[in-house]
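In: Got a predicted structure here, sequence first:
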Amino acid sequence: MSAAFADAFRGRSVFLTGHTGFKGSWLAVWLHRLGARVTGYALPPPTEPSNFVVSGVRDLLAAHHEADLRDAARVAQALQATDPDIVFHLAAQALVSDSYDRPRETFETNILGTVNVLEAIRARGKPCVVVVVTSDKCYENREHVWGYRECDPMGGHDPYSASKGAAEIVTAAYRHSFFSPLRLGEHGVKLATARAGNVIGGGDWAKDRILCDAVRALAAGRPVPVRNPHAVRPWQHVLEPLSGYLTLAARLLASDDPVWCEAWNFGPLPGDDIPVRQLVDLFVSAWGGGSWEDKSDHRQPHEAGLLRLSIDKAIGRLGWRPRWNVAEAVRRTATWYRLAHGDARPDMRRASLGDIAAYEVVQ
């Protein structure tokens, strides 16, 4: 198990928003394995099937709240009842395509929902560690060939990206106004943000995500539809950013040094930010056969053509670095889905725990 957080969460109370989603459900499983008492707050699972259901995440929770992040009173009530040592805020409207269809909901959930979580923490008035998770799309994307750094400006062409940039700005305002790292002795709230790359892994069935589309197509014997084959993204297995969030939270728990209360990127190493077409080729090969077809359309909503993250800060200061390259990430993703789509009744929680155990032993 990783020395960075092997015992940091044992016996800790954790308030986790977004636990019914893809990344949140994996984080709930991992936190339970680490000995934490996890309370989840989220809407019902966003897809059918969902990792939350097939991996039996509900059975691992100390408490489960199905409620809207926009309901400030419910958020405050649930957080107060949890009395958390740690808050991981992952809940969000997480799809670029849906943000074009539902911009108001996207802005309300991702911005005001973050405000509601931070206000609940402020009203509680007790020390805790808080990691607010946003996105690599929070940056003002100018299609640079180099990776964006934590000090680069926020932006966002589409409503989703803009909402994530705004969530970062909101969190920074709370850090400056109410939770100053230089006055931890007064309030005890250690507040950081985390920005991850494009995450892949078993258990994601959302629409308009390339490997989710690939699984549906290949399982049905159809070519994989690819909207934007030339787009370059920082691909990484779901366990990579989650290990970053856990490493960051463990460091915040262990130290009152204000340097940890900042923004942090968790992405792949250079070379693993590859075009969509290359990712699909890797997945088709790992699946065991199939094909894909170019479905690009100039009339579709804008998507960035190039996005890279710099992880120099996380490597140099946190001591965190990715463990699985993109080929290994794709292989494990394909293996998970092949098992889930098999004829037997697989234990997908066991499959996820197997991936977690394998990840933990990599040096």
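Out: Sure, I can see it. Numbering: from 1, shown residues only.

In: Which stretches in the stretch 251-363 of the chain count as helices?
Out: 276-287, 312-313, 326-340, 348-361 (DSSP state H, counting those that start in this stretch).

In: V29: which of those helices is closest?
Out: Closest approach to V29 among these is made by helix 348-361 (5.5 Å; C-beta to C-beta). Placement of C-beta: from N, CA and C, glycine included.

In: Now tell me what touches the closest one from outside.
Out: 1-2, 26, 29-30, 33, 51, 54-57, 201-203, 237, 239, 243, 323-324, 332, 336, 339-340 (C-beta atoms under 8 Å, 6 or more residues apart in numbering).

In: go with 6 Å
Out: M1, S2, V29, W30, V54, S55, G56, L239, R332, W336, L339, A340 (C-beta atoms under 6 Å, 6 or more residues apart in numbering).

In: so where's the stretch 151-300 of the chain shaky on pLDDT?
Out: 298-299 (pLDDT under 70).

In: in stretch 214-233, what counts as buried?
Out: By 16 or more other C-beta atoms under 10 Å, the buried positions in stretch 214-233 come out as 214-218, 224-229, 231-233.

In: just checking, T333 touches D204?
Out: No: if you go by C-beta atoms under 6 Å, T333 and D204 don't touch, sitting 8.7 Å apart.

In: Same drill for these two, tell me which one is more crowded.
Out: A count of neighbours by other C-beta atoms under 10 Å puts T333 above the other of T333 and D204, at 26 against 23.

In: and the more buried one, what is it in contact with?
Out: The contact partners of T333, by C-beta under 6 Å, 6+ apart, come to I200, G201, G202.

In: Give the phi and psi angles for the first one, as a check.
Out: Per-residue torsions, I200: phi -120, psi 160 (degrees, to the nearest 10).

In: ok, what's across the strand from it?
Out: Note on I200: beta-bridge partners H237, judged by DSSP bridges.

In: Distance-wise, check it relative to V215.
Out: Note on I200: its distance to V215, by C-beta to C-beta, to the nearest Å, is 11 Å.

In: Show me the strands in this protein, by range?
Out: Along the chain, the stretches classed as strands by DSSP state E are 13-17, 37-42, 63-66, 86-89, 128-133, 189-196, 198-200, 224-226, 232-237, 263-266, 273-275, 292-294.

In: so for the fourth one, what's the average pLDDT?
Out: Averaging pLDDT along strand 86-89 yields 98.
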